[in-house]
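# Got a predicted model here, sequence first, then my questions.
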Amino acid sequence: MQATADVTKKESSWSGWKGQAIDLLYWRNVKQSGAVFSSVLLLLFSLTQFSVVSVGAYLALAALSATISFRIYKSVLQAVQKTDEGHPFKAYLEIEIALSQDQISKYADKILLYTNTCMKELRRLFLVQDLIDSLKFAVLMWLLTYVGALFNGLTLLILAVVSMFTMPVVYEKHQAQIDQYVGLIRTQVNSVVGKIQAKIPGAKRKEE
């Protein structure tokens, strides 16, 4: 019964985090989403100008300056008012932040599963188990050579963050039109792939 309760608690915690992420990306709370979006962009833009070590050091100094100043301010205030409210960060210091053995095992199992799946998929593509899939992968890699020539990793990461915070909202507002165009594109792509499969010997998928 205890194990079942723990599993239910973990599932509900995961659902809560997932719901918060969705609310964040869909701008349900404009102030919260704006703060996260601007903070992440500021961090990424900082990394384009300074090294990771410098950015990390500056962030740590900024955080320490804020916490030390607040701690001194509260200590002086308590001394003047002759009160004993204790440490100003006591509530946060008492929060348990250590990962349990079950959580570590759970995340390790997920990482192992994703790694094995990725390795199997790469083996299938590089050893041409399915010719069409391997050709698609080759085209994708060819396109990425042009993307890499135009953008570096940080620029792509910035574009990804901007897309994450804008595309869901755009899709939510114009879902019908977007689904219509995506359906048309998918139909055209499937038609082209079907013609290629018909012309290349051995490219046709085996019927399961």
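It's in.

# after the helix or strand of the chain with the lowest mean pLDDT comes which helix or strand?
The helix or strand with the lowest mean pLDDT-type score in the chain, counting by mean pLDDT, DSSP states H and E, is helix 2-25 (a mean of 64). Downstream of helix 2-25, the next assigned helix or strand under DSSP states H and E is helix 30-49.

# Which residues belonging to that next one are considered buried?
Buried positions in helix 30-49, judged by neighbour count with 16 or more other Cβ atoms under 10 Å: 33, 37, 40, 44, 47. (Each C-beta comes from the backbone N, C-alpha and C, glycine too.)

# which residue sits farthest out from the middle of this protein?
Lys82 (47.7 Å; Cα atoms, centre = their mean).

# Phe70 versus that one, what's the distance?
Computed as Cβ to Cβ, to the nearest Å, the Lys82 to Phe70 distance reads 20 Å.

# what about the helix or strand in which Ile185 is found, average pLDDT?
If you go by DSSP H and E, Ile185 is part of helix 175-199. Helix 175-199 comes out with an average pLDDT of 84.

# likewise stretch 88-106?
Confidence for stretch 88-106, expressed as mean pLDDT, is 85.

# what do you get for stretch 55-62?
92.

# Export it to PDB, keeping only CA atoms.
Extracted C-alpha coordinates of stretch 55-62, given in PDB (Å, rounded to 0.1, in the frame of the first residue of the first chain):
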ATOM      1  CA  VAL A  55      28.600  34.300 -16.900                       C
ATOM      2  CA  GLY A  56      28.400  31.700 -14.100                       C
ATOM      3  CA  ALA A  57      30.700  33.700 -11.900                       C
ATOM      4  CA  TYR A  58      28.700  36.900 -12.500                       C
ATOM      5  CA  LEU A  59      25.400  35.200 -11.800                       C
ATOM      6  CA  ALA A  60      26.800  33.700  -8.600                       C
ATOM      7  CA  LEU A  61      28.100  37.100  -7.500                       C
ATOM      8  CA  ALA A  62      24.800  38.800  -8.200                       C
END
